[in-house]
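# Take this sequence and fold it.
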Amino acid sequence: LYERKNAKASWKANGESFPVVLGRSGMAVGDVIADPKTAKVKKEGDGNSPAGVFPLIATFGRGSKPNAVEMDHTILAESTECIDDTRSSHYNRVVDRFKVGNFDWKSSEKMAAIDQYALGVIVGYNSYPVEKGHGSCIFLHIWRDASTATEGCTAMERRNVERIVGWLSPDKTPYLVQMPEKLYSDSRKAWRLPKLK
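Okay, here's the model as predicted:
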């Protein structure tokens with residue numbers, strides 16, 4: 001985790017680093033930082049975690065909202081779903097099926113039923129705007145274990161999800177930066193990213 005006081009200040013590490021697991025297929029470019037003609041591009045259902053720079057927009061979890069959480073927070077109910085049906089008008093949105101009105105999907109993630117979603121963060125991937133088929137339901141969440149990949153999310157031990165959820169604040173304008181090492185190295189100066197230890 002890195003933070004800085006303002007856009008001109010130096011990045012400072014916040015605590016120790018920790019391991020994560022990514023998508024079963026690796027990573028694929030998920031924004032404009034790389035040439036899609038020469039890079040693997042993220043698509044719906046491909047098992048890749050998106051490579052790029054993405055806002056962290058909200059948190060979610062089972063039970064009541066933790067006291068330390070400053071972000072918008074969704075308490076998962078049986079009716080909370082993330083829509084991965086590319087034909088739906090709610091594609092790549094977390095919705096309550098009983099409140100959304102237009103029930104137009106045939107495929108979704110029923111979030112409350114997924115143990116790894118007991119606590120997590122919504123990553124603003126493919127969100128501004130949403131493009132059909134470019135991938136959906138990208139989260140930071142609890143891992144199954146250190147050797148089991150995800151379907152495209154970034155997962156870690158629960159204590160590290162708790163650390164992130166407690167650290168996030170809308171005032172900090174938090175982002176997830178994840179990409180292959182060479183792409184990070186090539187992009188770091190232009191994007192003013194932290195120099196990693």
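# Please count neighbours and contacts with C-alpha atoms only from this point.
OK.
# Which neighbouring elements make contact with the strand ranked longest in the chain?
Of all the segments assigned as strand in the chain under DSSP state E, the longest by residue count is strand 48-61. In this structure, strand 48-61 makes packing contacts with strand 26-29, strand 73-75, strand 119-123, strand 175-178, judged by 3 or more Cα pairs under 8 Å, 6 or more residues apart in numbering; DSSP states H and E.
# who wins for proximity to residue 82 among the ones you listed?
Within the helices and strands packed on strand 48-61, the stretch nearest residue 82 is strand 119-123; the backing value is 10.4 Å (Cα to Cα).
# before we move on, back to that, buried residues in the longest strand of the chain, which are they?
48-54, 56-61 (16 or more other Cα atoms under 10 Å).
# Columns mean pLDDT, distance to residue 12 and mean neighbour count on top of the helices and strands packed on strand 48-61, output as a markdown table?
Listed next are those as a markdown table, based on pLDDT from 0 to 100; distance: least, Cα to Cα, whole Å; neighbours: other Cα atoms under 10 Å:
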| stretch | mean pLDDT | distance to residue 12 | mean neighbour count |
| --- | --- | --- | --- |
| strand 26-29 | 93 | 26 | 22 |
| strand 73-75 | 97 | 27 | 19 |
| strand 119-123 | 98 | 22 | 23 |
| strand 175-178 | 95 | 15 | 16 |
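# Which one of these lies nearest to residue 148?
strand 26-29 (12.2 Å).
# show me where the protein has helices.
When assigned using DSSP state H, the helices of the chain occupy the ranges 158-167, 181-191.
# quick one: low-confidence ranges for the protein?
In the predicted model of the chain, residues 31-38 satisfy pLDDT under 70.
# can you count the residues close to residue 5?
Residues within reach of residue 5, counting by other Cα atoms under 10 Å, total 10.
# For residue 54, give its distance to residue 104.
Taking Cα to Cα, to the nearest Å as the measure, residue 54 falls 27 Å from residue 104.
# follow-up on the earlier one: of the helices of the chain, which is nearest residue 74?
Each of the helices of the chain was checked against residue 74 via Cα to Cα, and the shortest separation belongs to helix 158-167, namely 12.5 Å.
# quick one on the thing from earlier: tabulate the helices of the chain in CSV, adding columns for mean neighbour count and distance to residue 23.
Formatted as CSV, the helices of the chain follow (neighbours: other Cα atoms under 10 Å; distance: least, Cα to Cα, whole Å):
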stretch, mean neighbour count, distance to residue 23
helix 158-167, 16, 17
helix 181-191, 13, 16
